[in-house]
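Chemist: show me how the following folds:
(one chain, ligands or ions: 1)
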Amino acid sequence: MREEDRYIEFLNAAVAVCKGFDNAYEFECPICGGRAWVLQSSCNEHHKAACEGCGAEFTE
Ligand SMILES: [Zn+2]
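Modeler: Have a look, this model is predicted:
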């Protein structure tokens, strides 16, 4: 898998599990299968996600 595809998989998995603002949602990292978290801010509606396993993260 290309680097960008892994990143998109991670982003999609994070956004899919995020059901509300200002709560951390846990999901399985599609890259390493580890534990990852996503949080959507009610201020700017941006997502932040990070994986404890492989260190993948994004802010959008
Ligand atoms: Zn991971």
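
Chemist: all contacts plus neighbour counts: C-alpha atoms, from now on.
Modeler: Fine.

Chemist: list the contacts of residue 58.
Modeler: By Cα atoms under 8 Å, 6 or more residues apart in numbering, residue 58 lies in contact with 11, 47-50.

Chemist: okay, these in JSON lines with neighbour count, pLDDT and distance to the ion next?
Modeler: Listed next are the contacts of residue 58 as JSON lines, based on neighbours: other Cα atoms under 10 Å; pLDDT from 0 to 100; distance: Cα to the ion, whole Å:
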{"residue": "11", "neighbour count": "23", "pLDDT": "95", "distance to the ion": "11"}
{"residue": "47", "neighbour count": "19", "pLDDT": "95", "distance to the ion": "17"}
{"residue": "48", "neighbour count": "18", "pLDDT": "97", "distance to the ion": "14"}
{"residue": "49", "neighbour count": "24", "pLDDT": "97", "distance to the ion": "11"}
{"residue": "50", "neighbour count": "21", "pLDDT": "98", "distance to the ion": "8"}
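
Chemist: redo the residues you listed as TSV? Include secondary structure.
Modeler: Formatted as TSV, those follow (DSSP: H, G, I helix; E, B strand; the rest coil):
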residue	secondary structure
11	helix
47	strand
48	strand
49	strand
50	strand
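
Chemist: what about the strands in the chain?
Modeler: Secondary structure of the chain (DSSP state E): strands at 24-28, 35-40, 47-51, 57-59.

Chemist: so which of the ones you listed gets nearest residue 4?
Modeler: Proximity to residue 4 (Cα to Cα) singles out strand 57-59 among the strands of the chain, at 12.1 Å.

Chemist: spatially, what comes nearest to residue 45 if we skip its sequence neighbours?
Modeler: Excluding the flanking residues, the one nearest residue 45 by Cα to Cα, 6 or more residues apart in numbering is residue 21, at 7.6 Å.

Chemist: and the protein, which of its residues are near the ion?
Modeler: Contact residues, the chain versus the ion (Cα under 5 Å from the ion): 29, 32, 51, 53-54.
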